[in-house]
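K.L.:
Give me a 3D structure for the following:
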Amino acid sequence: MKTDNRTDKRKTGDKGERRAARYLMLRGYRIIERNYTFGHKEVDLIARRGRTLAFVEVKTRKDDSILSGRYSVTSAKRHNIISAAKAYCMNHDASGMNIRFDIAEVSTKGSVNYIKSAYSEG
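P.N.:
Numbering: from 1, shown residues only. Below you'll find the predicted structure:
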């Protein structure tokens, strides 16, 4: 039986996003949005703890993967996330919030390497 590689990747990605959300919630974050889109731009998770609003890109990889997830967040992807984050902040009164761009590297076995402030607007 032939499997659809895109479907398998999406299932793996969804599982990784759920694991990253759980990781954040256990650390006192509230998940505000999952798969927030603005046009063709998407942010996997938007999480809040206190006055911090974290825009999180989740990258799920097999444990034996050569390239860690953070290296697959290209400058174009970062630009898209920042654009979507700006739109979110404008539409959801984020004044006074500390904005952060994080990456959650999730292994298919469930471990999470969470990178706070992985990149910035500038």
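K.L.:
shouldn't Gly16 be in contact with Lys59?
P.N.:
Yes - counting by CB atoms under 8 Å, Gly16 does reach Lys59; the two are 7.4 Å apart. Yep, even glycine has a C-beta here, placed from its N, CA and C like the rest.
K.L.:
what residues are shared contacts of those two?
P.N.:
The contact sets of Gly16 and Lys59 overlap at Ala104, Val106 (CB atoms under 8 Å, 6 or more residues apart in numbering).
K.L.:
before we move on, what SS does Ala94 have?
P.N.:
At Ala94 the chain is in coil, as set by DSSP: H, G, I helix; E, B strand; the rest coil.
K.L.:
do the same with Gly110
P.N.:
coil.
K.L.:
Nearest spatial neighbour of it, chain-adjacent residues omitted?
P.N.:
Among residues not flanking Gly110 along the chain, Arg19 sits closest, at 5.8 Å (CB to CB, 6 or more residues apart in numbering).
K.L.:
Look up phi and psi at the one you found.
P.N.:
phi -70, psi -40 (degrees, to the nearest 10).
K.L.:
for this protein, what helix or strand is lowest in average pLDDT?
P.N.:
Every helix and strand of the chain was ranked by mean pLDDT, DSSP states H and E. The lowest is helix 5-25, at a mean of 88.
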